[in-house]
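1. What follows is a predicted protein model with its sequence.
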Amino acid sequence: MSGSTKKTRRNPDCPHCRTGSETFRYSKSVYKFDVDLAREIVADGRLPVELDPEDVKYSVDTTHIYPEHVDHVDPSFPGIIAQMWYPEPDGTVSHGNTLIDGHHRAARCLRDNLPYFVVLLNEEESQRILLKGPNREEAFRIAGRVGQACPVPV
Ligand SMILES: [Zn+2]
């Protein structure tokens, strides 16, 4: 499925319409996700679900969006949500979701008042695509070191 361009309107003059391998960095690059692998995983026919409009807005607000690129993406193509685990300074672990692919499609839907659909990675898949940053087990191990300096910058 990756490499298909029939649903997009890539613009040769736009540096963001790139086709190379893709990763997504999150939280000051503490986390890095393999977006290409994620796209392979979700190409199994799983059904997209509509992302809550508040989550769409949050995903767009917390990412750098290139306004000129928003018109080049196909908003009907679903984004990808991965699960992540974050060690908190108080010794607990936050378990959350983050959009790792499709931020410009999300921005397009937000702008044009369209529903935005995403496909979800389960826990095991989310750990498989994690290139950098604590996985579930590591997050609990790091969080367990209460009283020591947290090695993950927050
Ligand atoms: Zn573009």
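-> Sure, I can see it.

2. what's the helix or strand of the chain with the lowest mean pLDDT packed up against?
-> Within the chain, confidence by mean pLDDT, DSSP states H and E is lowest for strand 23-26 among all helices and strands, at a mean of 88. Packing partners of strand 23-26 (3 or more CB pairs under 8 Å, 6 or more residues apart in numbering; DSSP states H and E): strand 31-34, helix 35-41, strand 93-101. From N, CA and C alone the C-beta is placed, and that goes for glycine too.

3. Tell me which of these sits most buried.
-> strand 31-34 (a mean of 21; mean count of other CB atoms under 10 Å).

4. The residue nearest to residue 96 when sequence neighbours are not counted: helix or strand, and which one exactly?
-> Sequence neighbours aside, residue 84 is the residue nearest to residue 96 in space, at 5.8 Å (criterion: CB to CB, 6 or more residues apart in numbering). Using DSSP states H and E, residue 84 sits in strand 79-87.

5. what about dumping the CA coordinates of that strand to CSV?
-> Provided in CSV are the C-alpha atoms of strand 79-87 (Å, rounded to 0.1, in the frame of the first residue of the first chain):
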residue,chain,number,x,y,z
GLY,A,79,-4.1,8.5,10.1
ILE,A,80,-2.3,6.0,12.4
ILE,A,81,-2.6,6.0,16.2
ALA,A,82,0.0,4.2,18.3
GLN,A,83,0.0,3.5,22.0
MET,A,84,2.8,4.8,24.2
TRP,A,85,4.0,4.5,27.7
TYR,A,86,5.6,7.5,29.6
PRO,A,87,7.4,7.3,32.9
